[in-house]
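*Asks:* Sequence first, then the predicted structure:
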Amino acid sequence: MKYSICVLALFVMASSAFAWNDEYEINTDPFAPRIGSSVGIEMRRRYDYDPANKYRGEIDSYGSVRMRNLNGDILRGHIDNDGYGRLYDLNGNSYRVKPR
């Protein structure tokens, strides 16, 4: 019984630690033009309202994403139909995203 309680407590603490990994949010960009099958999207760090840190780009009907921020940094990756995905920058860093 003690062992199962310890395992359960460890699982609860580990799941809360991994929850902080999803710190980026994506949503549709209301100001982006809709061209063909691609839709304008934007991504930002949660609770960061600095426009220089916000990425804007487009996602096509297959889920392929290309984004850029005001500093010229580029992100590419894939996002599924539910809005969850992973993006990569040119330095090899990966960003996990989820819908707002």
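*Replies:* That came in fine, so what should we check first? Numbering: from 1, shown residues only.
*Asks:* What's the local residue count around Gly63?
*Replies:* Gly63 is flanked by 12 other residues according to other C-beta atoms under 10 Å. To be clear about C-beta, it is placed using only N, CA and C from the backbone, and glycine gets the same treatment.
*Asks:* got a list of what it touches?
*Replies:* Gly63 is in contact with 78-81, 85, counting by C-beta atoms under 8 Å, 6 or more residues apart in numbering.
*Asks:* Recalculate using a threshold of 10 Å.
*Replies:* If you count contacts by C-beta atoms under 10 Å, 6 or more residues apart in numbering, Gly63 has them with 77-81, 85.
*Asks:* quick check, nearest of those to Ser61?
*Replies:* Comparing the contacts of Gly63 against Ser61 with C-beta to C-beta places Asn81 closest, at 10.0 Å.
*Asks:* could you measure the residue nearest to that closest one when sequence neighbours are not counted against Asn53, distance?
*Replies:* Computed as C-beta to C-beta, 6 or more residues apart in numbering, the closest residue to Asn81 that is not its neighbour in sequence is Gly63, at 7.4 Å. To Asn53, Gly63 is 24 Å away according to C-beta to C-beta, to the nearest Å.
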